[in-house]
Each structure stands twice: as C-alpha cells, then as structure tokens.
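**Q** Structural data only, the sequence is not supplied:
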C-alpha cells in the first residue's frame, strides 16, 4: 500500500522564479493538504484540496496556489520566489469521508532552496 | 499568542528512561489531538491520535489529554535510541491542523 509520495525530493531555484511541487495521496485518500515547514519549526498549513477545489486556506499569500486532479493528486505552485520560501514542503492526505475523525498522513516532502 | 505552544528542547535522556513531552494550546475549539514523530529529512509519522480527554496507550507510548487545562502530553516508556527524533504535537478543529514547533529528543545508549 503506497503512502503519500512527493516529487521532486530536492529543488534549487533563484529569487523571482516559479516552482511546481507534486503529490500523490495515499491509496484510498481523496483530500490533500499542503504545509510549509521552515527549519526548526512545525509545519504551517498552506491549503487543502478536496473534489478539485481549495476548501481551506492558511495565512499564505496568493503567490501560493494549487490544483487537484481527478485522480486526487495535487500540485503546489509558488510564484515570484523569495529567499524566505526556502523550506520543506509537505503534502498530507486523508480520507474526506472521515476527515473529522481521521488524521493526516504525510509524505517525506520536497526540500526547496532559494538562492 | 501561538495556537499551540511546545517546548523545543532539546531533550537528552539515557536509554530506558521515561520521557515526557508536552504541549499547551489556547483554542478551546480543538477537538482532535495527535502526536507525530519526525526523523531527520523525513515527513512526520503519526504516533498517537485521540479526540477525548484522558489517556490512550499504544505499546510504549501513552497520550494524555486534559481539555480543561488545555494541555496534552506524550509519555514514552523504556526509551530506545531509535526514539531519537523530533516529536510534534498537532491539534485540529476538524478542518485545519495546527502544529507545535517540535521537541528534539535524543536517547543516549
């Protein structure tokens, strides 16, 4: 049973560039959430997708956008990259049907470095 | 004030010790409480999940929730070197998760 998979594992970009990160949820899960984890900090919620729509959003600017596909996989896009966007980006999935009583399962993340 | 407060440590204990990790929170709407373990360069791994006050035990791990005090704890009995990791508490209203900053734990053989 495949867990949450993310790609790429590492990425280096320069300021002002754009980046796309990808996530495949755990089998049987249809809800995907994205988090940003800065070094030494806990994950910060970016947004959540269900039925191909953004359902919840944390305190992140519009430079952060996402998409969910019919097969439940998801992308996180970040435009106009800043040095402060350097972080580990985590994807988590859960079964929506049990979202209120099922915890999220995380992938190993994409480590994004901005030069 | 942060939604969730967690002592970052670091915490260093000898093998076999009992470890106590704690978090406090301010939002009384939190209903679900979790503990995750995160090894270096890995994603968080779910350890414990509970939605009520009281204790929940799973092997060497016990999660404790006190909603009246807005305080949760994770106890690790007979700690092992393989328990060395960062432990994150997380809480949810049902839609959005809020994480603590994590406590770094080292178990010395």
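**A** Great, that's in hand. Everything numeric here is computed off the predicted structure, so don't read it as measured data. Numbers count the residues shown, from 1 in each chain, chains lettered A, B, ... in the order given.

**Q** Under the pLDDT cut-off, which ranges of chain A? List them.
**A** Counting by pLDDT under 70, the low-confidence segments of chain A come to A:1, A:97-101.

**Q** Repeat that for chain B.
**A** For chain B (pLDDT under 70), the answer is B:1.

**Q** near chain A, which residues of it?
**A** Within chain B, the positions adjacent to chain A are B:4, B:6, B:8, B:32, B:34, B:36, B:41-46, B:49, B:51, B:88, B:90, B:92, B:94-102 by CB under 8 Å from any CB of the partner chain. (Glycine included, C-beta is placed from N, CA and C.)

**Q** Separate out the buried members of these.
**A** Among these, the ones that count as buried by 16 or more other CB atoms under 10 Å in any protein chain shown are B:4, B:6, B:32, B:34, B:36, B:43-45, B:49, B:51, B:88, B:90, B:92, B:96-102.

**Q** So which bits of chain A are right by chain B?
**A** Going by CB under 8 Å from any CB, the residues of chain A near chain B are A:4, A:33, A:35, A:40-45, A:48, A:55-56, A:58, A:90, A:92, A:99-101, A:103-109, A:111.

**Q** Please flag which of those residues sit within strands.
**A** Counting by DSSP state E, those place A:33, A:35, A:44, A:45, A:48, A:55, A:56, A:90, A:92, A:105, A:106, A:111 in strands.

**Q** pretty sure the fifth one contacts residue B:94?
**A** No - no contact is recorded between residue A:48 and residue B:94 when judged using CB atoms under 8 Å, the distance being 11.7 Å.

**Q** Excluding residues flanking it in the chain, which one is nearest the residue positioned nearest the centre of chain A?
**A** The residue lying closest to the centre of chain A (CA atoms, centre = their mean) is residue A:34, at 2.8 Å. Excluding its sequence neighbours, the residue lying closest to residue A:34 (CB to CB, 6 or more residues apart in numbering or on different chains) is residue A:46, at 4.3 Å.

**Q** separation between the one you found and residue A:27?
**A** Note on residue A:46: its distance to residue A:27, by CB to CB, to the nearest Å, is 23 Å.

**Q** And these two? Which one has more around it.
**A** When neighbours are counted by other CB atoms under 10 Å in any protein chain shown, residue A:46 and residue A:27 differ, and residue A:46 comes out ahead with 23 against 11.

**Q** what about the more buried one, distance to chain B?
**A** 11 Å (CB to the nearest CB, to the nearest Å).

**Q** Correct me if wrong: that residue contacts residue A:64.
**A** Yes - Residue A:46 is within contact range of residue A:64, at 5.7 Å (criterion: CB under 8 Å).
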